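1. Provide a 3D model corresponding to the input given below.
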Amino acid sequence: MTIALPFPRKPPEARVATTAAVARWYATGLGWAVGELPPPPRTAPAPPAAPCVDLLTGLRFDVLDVPADAGAAVLRQAGPTGPLGPLGPVALHGSRMRLLVAAGSADEVPGLLQWLEWGGVTLDLRAVGAGGRTAAPVPPGWSGAQGVAVWLRPPVPGREVEPTLPALAPFGRGAAADGDPGSVRGPDLVRLLDTLATECHRARLLRANARAAPGGAYEYAAGEYPSD
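-> Purely as a prediction, here's the structure:
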């Protein structure tokens, strides 16, 4: 008896991340404010599918921008069973990692770092809030040019992002769900910021030690980043 096997299915082609398509995905699918950038000068052939779209911060979220190696160490401590708990959306852009936090958090960062006794330490940690911008990552499953921002932990279209974001909570407790202070949903901003500062400082010392090693030049190697 001969059994006819179906032809293998052709994998669906990834959607091309053009500027207009990416802006539409964020504006209609997520309800996020976007700003298109002028295209780069055509002095040389532009890379294919490099969207010129920024996300406006300070409206629905702020951003904590850290070195990717420090961010990767923080992600390893996140998740349902990690000490930080689940995080909100996280993006990678080159050697920088960007963690979305509750709107208004950027204004609290300098004071919180001072309170956590990180005020006198040089940290490569930037907070982007009201009036700021961050490069829009390519939507999940879309194709884009090499080097564009990508999501490690993407937002979900149709779901509000605010409940998933780390926020400032009283007494060091996690962000409350539905107004219930005993219901922990996301990590407390203070705990996340302290962990980020620790990993930024550790990564900076490791890079300095590597450069100081005989015959050793530090080179950042992008590896696997936790996404769950």
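2. use CA for all of it now, contacts and neighbours both
-> OK.
3. so T134, which of the three states?
-> strand (DSSP: H, G, I helix; E, B strand; the rest coil).
4. thought it was touching D54?
-> Yes - look at T134 against D54 with C-alpha atoms under 8 Å: they come within range, at 5.4 Å.
5. mutual contacts of those two, please.
-> Here T134 and D54 have no joint contacts, going by C-alpha atoms under 8 Å, 6 or more residues apart in numbering.
6. strands of this structure, start to end?
-> Using DSSP state E, the strands found in the chain span residues 15-16, 34-36, 53-56, 62-67, 90-93, 96-101, 126-128, 133-135, 142-143, 150-153, 175-177, 180-186.
7. now find how far off-centre the fourth one is within its chain.
-> Mean C-alpha position of strand 62-67 versus that of the full chain (C-alpha atoms, centre = their mean, to the nearest Å) differs by 7 Å.
8. quick one: strands adjacent to it?
-> strand 96-101 (antiparallel), strand 126-128 (antiparallel) (DSSP bridges).
9. again with the second one
-> Applying DSSP bridges, strand 34-36 is found paired with strand 53-56 (antiparallel).
10. got the CA positions of the strand it pairs with in PDB?
-> The C-alpha coordinates for strand 53-56 follow below in PDB (Å, rounded to 0.1, in the frame of the first residue of the first chain):
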ATOM      1  CA  VAL A  53      11.000  54.900  13.800                       C
ATOM      2  CA  ASP A  54      11.400  56.000  17.400                       C
ATOM      3  CA  LEU A  55       9.200  55.200  20.400                       C
ATOM      4  CA  LEU A  56       8.300  58.200  22.500                       C
END
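11. so what touches that strand?
-> 19, 22-23, 32-37, 131-136.
12. just the buried residues of the residues you listed.
-> T19, V22, A23, W32, A33, V34, G35, E36, R133, T134, A135, A136 (16 or more other C-alpha atoms under 10 Å).
13. hmm, back to that, for G82, find the nearest of the strands of the chain.
-> strand 180-186 (11.6 Å; C-alpha to C-alpha).
14. pLDDT of that closest one, averaged?
-> For strand 180-186, mean pLDDT is 49.
15. swap in stretch 31-42?
-> Regarding stretch 31-42, the rounded mean pLDDT is 74.
16. just stretch 102-120 next, same as before
-> Stretch 102-120 shows a mean pLDDT of 96.
17. buried set for that stretch?
-> By 16+ other C-alpha under 10 Å, the buried positions in stretch 102-120 come out as A102, A103, G104, S105, A106, V109, L112, L113, W118.
18. ok, G132 touching L59?
-> No - using C-alpha under 8 Å, G132 is not in contact with L59, being 9.8 Å away.
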